[in-house]
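Trainee: what's the 3D shape of this:
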Amino acid sequence: PAAEKIFLELLLDYEKKGDTENPNYVASMGSLARVFMEQRKYDEGLRYMREGLELSTRINGERHRTTLVSTINLGIALSELGRYEEALVYMERGYEAFREIFGEKAPSTVFVSATYADLLVKLGRTAEAEPVLKNAVSINIEILGPDHPNTLISQYSLSRLLFVSGRTVEAEEMVRSVLEKSTEVLGPDKDITLECRDLLGRILNSRGDSRQAEKIHRDVLEIRNSSLGTSDPSYGGTLLYLAESLYEQGKYEESGRMARRAVKWHHESLGPDHLDTKKSAALLVKAFTASGRPEQADTLLESLDLRK
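Mentor: Numbers count the residues shown, from 1 in each chain. Sure, this is the predicted structure:
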């Protein structure tokens with residue numbers, strides 16, 4: 001790809017000149033890392049992220065903004081790949097530093113706080129995450145206003161925390177409010193709007209309204225197909241949620257087909273060890289077994305080395 005070639009050549013040019021401590025060299029490493037991550041070349045992307053962080057630490061020091069941003073970006077990348085414990089090391093470091101250096105009300109600090117809390121939720125540490133997220137929501141409303149995208153994103157994250165904590169009534173009330181604002185302010189096809197719709201579908205499915213949940217996830221999947229398609233980072237999640245809603249209605253064959261697509265997407269995009277890959281695989285086995293075809297699930301999982 002053109003972007004990858006450009007940044008590799010740019011880095012090589014700095015290296016030939018012996019100018020590897022130039023701030024632009026560090027910035028180019030970060031840009032190249034992002035290109036690799038977008039191409040799902042995760043090993044290369046993480047390697048350049050780590051090297052960029054190490055170089056910025058040596059040149060600028062641990063508390064320089066460039067170093068801290070690199071720390072957070074590495075934590076986010078690891079979290080997206082499901083490597084939560086490893087991500088936590090970097091996110092905790094960045095979270096504490098941003099609060100201390102820039103103050104808890106700085107927009108960058110609030111963003112980092114919400115991102116850190118989101119990781120805690122993924123780790124099941126919701127009791128620790130909740131006050132951090134509530135504080136982020138409060139500051140965003142105060143500083144940025146109730147309709148700002150950052151405010152809506154932090155409120156969505158709080159809604160998801162409430163859902164995974166089993167507080168579905170509170171979660172539904174909040175996510176419906178965020179969904180209404182996001183649709184009006186940002187548009188019906190924006191990422192946060194779609195995330196809210198998927199979350200609402202999951203909440204309804206958990207409360208027994210699987211038919212309505214199916215409709216919501218189908219609508220979201222249609223929008224994702226018409227925009228970014230399978231390159232949408234949340235595409236696999238919508239497939240999984242739709243498969244879950246179909247399973248709850250006893251539509252096992254269709255659930256199995258959707259689960260199969262979800263398994264393949266997560267396996268190709270995030271690897272065999274990601275939690276969502278394993279969730280999709282588990283649902284695939286359930287759906288195919290319920291429809292009397294367990295051997296087909298075995299064949300697919302063996303082909304992806306997921307049988308274990």
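Trainee: low-confidence ranges, the stretch 51-200 of the chain, go.
Mentor: Within the stretch 51-200 of the chain, no range satisfies pLDDT under 70.
Trainee: show me where it has helices.
Mentor: Ranges of helices within the stretch 51-200 of the chain are 65-80, 84-102, 107-122, 126-143, 149-164, 168-185, 191-206, based on DSSP state H, counting those that start in this stretch.
Trainee: buried sites along stretch 18-25?
Mentor: Of all the residues in stretch 18-25, those buried under the rule 16 or more other Cβ atoms under 10 Å are residue 25. (Glycine included, C-beta is placed from N, CA and C.)
Trainee: run through who's touching that stretch.
Mentor: Residues outside stretch 18-25 that contact it (Cβ atoms under 8 Å, 6 or more residues apart in numbering) are 11, 14, 55, 59, 66.
Trainee: reformat these as JSON lines; add neighbour count.
Mentor: Shown next, in JSON lines, are the contacts of stretch 18-25 (neighbours: other Cβ atoms under 10 Å):
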{"residue": "11", "neighbour count": "17"}
{"residue": "14", "neighbour count": "17"}
{"residue": "55", "neighbour count": "18"}
{"residue": "59", "neighbour count": "16"}
{"residue": "66", "neighbour count": "19"}
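Trainee: what's the closest of these to residue 217?
Mentor: Closest approach to residue 217 among the contacts of stretch 18-25 (Cβ to Cβ): residue 66, at 40.3 Å.
Trainee: nearest residue to the closest one other than its sequence neighbours?
Mentor: residue 56 (5.0 Å; Cβ to Cβ, 6 or more residues apart in numbering).
Trainee: contacting residues around the one you found?
Mentor: Contacts here follow Cβ under 8 Å, 6+ apart; on that basis residue 56 touches 26, 64, 66, 67, 70.
Trainee: from residue 68, how far off is it?
Mentor: 9 Å (Cβ to Cβ, to the nearest Å).
Trainee: just to revisit the earlier point, need the contacts of stretch 18-25 in a markdown table with distance to residue 178, can you?
Mentor: Formatted as a markdown table, these follow (distance: Cβ to Cβ, whole Å):
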| residue | distance to residue 178 |
| --- | --- |
| 11 | 41 |
| 14 | 44 |
| 55 | 39 |
| 59 | 41 |
| 66 | 33 |
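Trainee: looking at the residues you listed, spot the one nearest residue 296.
Mentor: Of all the contacts of stretch 18-25, residue 11 has the smallest distance to residue 296: 47.0 Å, by Cβ to Cβ.
Trainee: and that closest one, what pLDDT?
Mentor: Here, the pLDDT recorded for residue 11 equals 91.
Trainee: equivalent analysis for the one 3 residues further on, please.
Mentor: Per-residue confidence at residue 14 stands at 88 (pLDDT).
Trainee: what sits closest to it if chain neighbours are left out?
Mentor: Among residues not flanking residue 14 along the chain, residue 25 sits closest, at 4.4 Å (Cβ to Cβ, 6+ apart).
Trainee: I'd like to know how far the one you found sits from residue 137.
Mentor: Between residue 25 and residue 137 the computed distance is 38 Å (Cβ to Cβ).
Trainee: I'm done for today, thanks for sticking with me.
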